[in-house]
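> let me see the structure of the following:
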Amino acid sequence: MTDTPKRIAIEGSTGYGLMSLTWTSPDKIVPQERAFETINNAIKDGVRFFNSGEFYGTGDPLLNLKYLKAYFERFPENRSKMIVSVKGAIDPITLTPDNSPENIKKSIENIISFFPNQYVDLFETARMDQKHPVEEVVKAIVPFIESGNVGGISLSEVKGETIERANKIYLISCVEVEFSMWSTEPLTNGTNDVCKKLGIPIIGYSPLGRG
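Here you go, the predicted model:
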């Protein structure tokens with residue numbers, strides 16, 4: 001697809017998921033100023049990887065991205081210190097994935113509008129929709145890498161065989177899956193084995209469970 005496929009380097013062993021700042025019960029949405037303080041503290045502690053979502057908002061699905069936009073306007077010097085992955089290509093109301101090329105294009109164009117220079121480090125389809133093969137999904141993202149709007153590709157909740165197929169089209173930067181004492185599927189469905197073989201970092205979320 002492109003002459004110079006590349007992976008975005010994921011730095012550090014710990015990342016910070018931004019979901020619970022804005023996608024929670026209405027009374028628990030974190031005020032913007034406190035959210036900014038939390039992100040700044042994470043950066044001071046050496047965190048470089050952050051995860052957001054196009055649908056991470058209670059009442060307003062775009063609230064998480066709106067927080068990020070305001071954060072980058074307030075602290076532009078911190079943008080270069082962060083690798084931000086954003087999930088998209090999913091209906092914000094029904095949470096139904098739509099991996100059609102048209103919807104991926106729509107999703108990416110929306111996401112990058114919240115970022116400085118219309119550039120996001122990693123775009124990630126929130127889930128596979130079981131209608132469009134992963135090869136088609138990756139091919140739909142690559143033009144945005146070539147145009148300089150997306151740095152690399154992440155996958156979410158996929159098995160080893162899907163990762164291998166995707167990586168043949170374009171180098172996958174990371175794979176996000178739930179991994180904890182209560183959710184060990186990545187060890188048995190090929191995800192861990194394939195990522196280890198291909199040198200792809202696994203982003204394990206909810207490591208202590210979901211409370």
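
> for residue 57, which non-adjacent residue is closest in space?
residue 63 (3.0 Å; CB to CB, 6 or more residues apart in numbering). C-beta: built from backbone N, CA, C; applies to glycine.

> distance of that neighbour from residue 94?
Taking CB to CB, to the nearest Å as the measure, residue 63 falls 18 Å from residue 94.

> then residue 61?
Distance from residue 61 to residue 94, by CB to CB: 11 Å.

> between those two, which is the more surrounded one?
More neighbours surround residue 61 than the other of residue 61 and residue 94, with 19 against 8 (other CB atoms under 10 Å).

> got the contact list for the more buried one?
54-55, 92-93 (CB atoms under 8 Å, 6 or more residues apart in numbering).

> go on, residue 70?
32, 36.

> distance of it relative to residue 96?
Applying CB to CB, the value for residue 70 to residue 96 is 29 Å.

> what ranges do the strands span in this protein?
For the chain, applying DSSP state E gives strands covering 15-17, 49-53, 83-88, 120-125, 150-156, 172-178, 202-205.

> neighbouring contacts of the second one?
In other words, strand 49-53. Under CB under 8 Å, 6+ apart, the answer for strand 49-53 is 10-12, 14-19, 23, 39, 42, 64-65, 68, 82-88, 126, 176, 203, 205.

> just the buried members of the residues you listed?
Using 16 or more other CB atoms under 10 Å as the burial test, the contacts of strand 49-53 include 10, 15-19, 23, 39, 42, 64-65, 68, 82-88, 126, 176, 203, 205 as buried.

> low-confidence bits of this protein, can you list those?
Within the chain, the segments meeting pLDDT under 70 span 1-3, 211.

> ranges for the helices of it?
Remark: helices assigned in the chain by DSSP state H are 19-22, 32-44, 63-74, 101-112, 134-146, 160-169, 191-198.

> and residue 183, which of these is closest to it?
Closest approach to residue 183 among those is made by helix 191-198 (11.5 Å; CB to CB).

> what angle sits between that closest one and strand 172-178?
Helix 191-198 and strand 172-178 are oriented at 160 degrees to each other (axes from the mean of the first three to the mean of the last three CA atoms, to 10 degrees).

> report all helices and strands that helix 191-198 contacts.
helix 160-169, strand 172-178, strand 202-205 (3 or more CB pairs under 8 Å, 6 or more residues apart in numbering; DSSP states H and E).

> who does the last one touch, helix- and strand-wise?
Of the remaining helices and strands, those touching strand 202-205 by 3+ CB pairs under 8 Å, 6+ apart are strand 49-53, strand 172-178, helix 191-198.

> give me the contacts around that strand.
Here strand 202-205 has contacts from 10, 15, 17, 49, 51, 85, 154, 174-180, 186, 191-192, 195, using CB under 8 Å, 6+ apart.

> which ChimeraX command selects the buried ones in the contacts of residue 61?
Per 16+ other CB under 10 Å, the buried members of the contacts of residue 61 correspond to this ChimeraX selection:
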select :54,55
